[in-house]
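K.L.:
sequence? don't have it. structure:
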């Protein structure tokens with residue numbers, strides 16, 4: 001049986017409440033394809049896009065948080081200290097949102113941030129999925145308190161998505177490996193943030209709604225991502241995760257990885273993004289991503305990709 005994320009459960013519930021005919025049509029199409037379970041998120045949003053067209057689809061998805069059932073998931077997000085920390089929560093608790101993608105803030109400033117939607121496993125993202133994520137995040141940020149909120153599509157991952165957006169006068173700047181958005185707002189209208197409430201909400205996201213417990217791997221990645229310039233001793237990292245270093249090693253081994261491999265994979269991913277999205281030199285990228293020097297980066301990069309960082313960058 002396919003695992004259903006908590007966000008997928010909320011989407012299904014909201015659509016069944018507001019657009020029952022669309023859900024019925026999607027079920028029928030799904031069954032005609034030989035599927036026996038309920039439609040997944042990709043099928044739901046694609047059906048929604050086909051029914052309403054891109055402009056209305058984006059508007060509907062933006063209102064999704066208003067129609068979804070009451071959930072600890074949204075309270076968890078709204079209980080954030082800043083808009084950027086809200087997005088970071090989506091990344092650190094990624095299994096609740098999507099099994100094979102995460103959002104990464106790559107630039108931030110006063111009243112704006114740029115976020116990259118990174119797909120790291122599974123089938124490629126379809127246009128409806130990217131549009132859904134963009135509008136859902138806009139709706140959540142609006143509910144959070146961002147006023148006069150706008151979104152700029154800086155890049156998209158496919159020509160198909162580029163053409164769909166162009167048909168409604170949205171012009172992304174480029175086509176690249178990942179979809180990237182810039183969110184801007186003029187002011188924040190916030191009431192208060194309750195310390196300690198995140199743990200309470202997470203405890204209440206259980207299997208009844210298709211949710212799942214936090215993944216140790218995701219929490220570890222989020223912790224290491226705070227500073228890739230050096231690998232902290234496993235004992236220190238384990239203590240921040242509230243487990244012993246031996247337990248951390250054992251749990252990572254059970255997931256088919258290790259502390260050193262998780263850290264190294266993150267360094268490589270950071271180098272990949274910088275090679276594709278910046279003009280930084282190899283030496284600068286090496287320092288930022290935690291390698292001893294550019295030669296060290298080249299060796300590790302070649303082990304994974306069987307080509308040098310320079311060729312990887314030129315083959316963009």
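P.N.:
Sure thing, it's come through. It should be emphasised that the depicted structure is a prediction, and the values quoted were computed from it without experimental measurement. Numbers count the residues shown, from 1 in each chain.
K.L.:
please report phi then psi for residue 172.
P.N.:
When read as degrees, to the nearest 10, the backbone of residue 172 gives phi -60, psi 150.
K.L.:
from memory residue 119 sits against residue 133, does it?
P.N.:
No: the criterion here is C-beta atoms under 8 Å, and residue 119 misses it with residue 133 at 10.6 Å. Every C-beta, even on glycine, is put in place using the N, C-alpha and C of the backbone.
K.L.:
more neighbours: which of those two?
P.N.:
Shown here are residue 119 and residue 133; by other C-beta atoms under 10 Å, residue 133 has more neighbours (23 against 18).
K.L.:
helix or strand for the more buried one, which one?
P.N.:
Using DSSP states H and E, residue 133 sits within helix 127-144.
K.L.:
just checking, next helix/strand downstream of that helix?
P.N.:
strand 146-147.
K.L.:
and that next one, what does it pack onto?
P.N.:
Counting contacts by 3 or more C-beta pairs under 8 Å, 6 or more residues apart in numbering; DSSP states H and E, strand 146-147 is packed against strand 187-188.
K.L.:
neighbouring strands - and their directions - for the strand it packs on?
P.N.:
strand 146-147 (antiparallel) (DSSP bridges).
K.L.:
state the mean pLDDT of the helix holding residue 133.
P.N.:
Averaging pLDDT along helix 127-144 gives 93.
K.L.:
other residues contacting the one helix or strand residue 60 maps to?
P.N.:
Using DSSP H and E, residue 60 sits within helix 41-62. The contact list for helix 41-62 (C-beta atoms under 8 Å, 6 or more residues apart in numbering) reads 5, 7-8, 11-12, 15, 19, 22-23, 25-26, 29-30, 39, 98, 126-129, 131-132, 134-136, 138-139, 142, 164-165, 167-168.
K.L.:
can I have the buried ones of the residues you listed as a ChimeraX selection?
P.N.:
Here is the ChimeraX command that selects the buried residues among the contacts of helix 41-62 (16 or more other C-beta atoms under 10 Å):
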select :5,7,8,11,12,15,19,22,23,25,26,30,39,98,126,127,128,129,131,132,134,135,136,138,139,142,164,165
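K.L.:
find the nearest non-adjacent residue to residue 147, please.
P.N.:
Of all residues not flanking residue 147 in the chain, residue 187 sits nearest, at 5.0 Å (C-beta to C-beta, 6 or more residues apart in numbering).
K.L.:
how far away is the one you found from residue 138?
P.N.:
16 Å (C-beta to C-beta, to the nearest Å).
K.L.:
likewise residue 290?
P.N.:
If you go by C-beta to C-beta, the gap between residue 290 and residue 138 works out to 33 Å.
K.L.:
OK, contacts around residue 190?
P.N.:
For residue 190, the contact set (C-beta under 8 Å, 6+ apart) comprises 144, 145.
K.L.:
now with 10 Å?
P.N.:
Taking C-beta atoms under 10 Å, 6 or more residues apart in numbering, we find residue 190 in contact with 78, 80, 81, 82, 83, 144, 145, 146.
K.L.:
ChimeraX command for the buried members of those residues?
P.N.:
Applying 16+ other C-beta under 10 Å to these, the buried members can be selected in ChimeraX as follows:
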select :78,80,83,144,146
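K.L.:
show me which pair in the contacts of residue 190 is furthest apart.
P.N.:
Using C-beta to C-beta, these span at most 13.7 Å, a distance reached by 81 and 146.
K.L.:
the helices in the stretch 101-250 of the chain, which residues?
P.N.:
Per DSSP state H, counting those that start in this stretch, the stretch 101-250 of the chain carries helices over the ranges 127-144, 159-166, 197-203, 216-224, 234-240, 245-254.
K.L.:
for the stretch 151-300 of the chain, give me the ranges with low pLDDT.
P.N.:
Counting by pLDDT under 70, the ranges of the stretch 151-300 of the chain that qualify are 191-215, 218, 226, 277-278.
K.L.:
surely residue 257 is in a strand?
P.N.:
No: looking at residue 257 with DSSP: H, G, I helix; E, B strand; the rest coil, it is coil, so not inside a strand.
K.L.:
now do the contacts for the residue nearest to it when sequence neighbours are not counted.
P.N.:
Spatial nearest neighbour of residue 257, excluding adjacent residues (C-beta to C-beta, 6+ apart): residue 217 at 7.1 Å. Applying C-beta under 10 Å, 6+ apart to residue 217 gives the contacts 94, 95, 251, 252, 255, 256, 257, 262.
K.L.:
neighbours around residue 162, how many?
P.N.:
Number of residues near residue 162 (other C-beta under 10 Å) recorded here: 19.
K.L.:
ok, it to residue 55 distance?
P.N.:
Distance from residue 162 to residue 55, by C-beta to C-beta: 16 Å.
K.L.:
beta partners for the residue most central in space within the chain?
P.N.:
Compute the mean C-alpha point of the chain, and by C-alpha atoms, centre = their mean the closest residue is residue 102, 2.2 Å away. Beta-bridge partners recorded for residue 102 (DSSP bridges): residue 118.
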